[in-house]
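[1] Sequence and computational prediction follow.
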Amino acid sequence: MARTSKVSKIQDEIARLQQQLDAERAKEAERLGSLAVKAGLADVEVSDRDLLKALKEVAERFQQTPAE
């Protein structure tokens with residue numbers, strides 16, 4: 001029976017965690033996309049650059065506000 005090295009086990013764990021992270025990011029992207037559509041952003045004529053800038057400003061605002 002072949003012995004699995006510690007390095008191999010760690011690499012397997014990293015790969016598993018990366019898949020888990022990718023899945024969580026995809027779910028979060030879907031949730032945020034749905035909220036953006038509900039907020040009417042799908043109907044707004046704006047460049048990706050300008051929209052990203054505005055969304056970063058919103059994110060910054062919420063990161064600075066303590067959660068209640």
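    Thanks, I have the structure now. Numbers count the residues shown, from 1 in each chain.
[2] what about residue 42, how many residues close to it?
    By other C-beta atoms under 10 Å, the residues close to residue 42 number 9. Heads up, the C-betas are built off the backbone N, CA and C, glycines and all.
[3] element containing the residue nearest to the spatial centre of the chain?
    A centroid search over the chain (C-alpha atoms, centre = their mean) returns residue 25, at 3.7 Å, as the residue closest to the centre. Assigned by DSSP states H and E, residue 25 belongs to helix 6-38.
[4] before we move on, what about residue 49?
    According to DSSP H and E, residue 49 maps onto helix 48-64.
[5] now that helix, how far from the chain's geometric center?
    A distance of 14 Å separates the C-alpha centroid of helix 48-64 from that of its chain, computed with C-alpha atoms, centre = their mean, to the nearest Å.
[6] what about it, average pLDDT?
    Mean per-residue pLDDT for helix 48-64: 94.
[7] Show me which residues of that helix are buried.
    Residues of helix 48-64 include none that count as buried (16 or more other C-beta atoms under 10 Å).
[8] So what touches it?
    With C-beta atoms under 8 Å, 6 or more residues apart in numbering as the test, helix 48-64 has contacts from 41, 44, 46.
[9] Skipping adjacent residues, who's closest to the first one in space?
    Going back to what we said before, that points to residue 41. residue 51 (7.2 Å; C-beta to C-beta, 6 or more residues apart in numbering).
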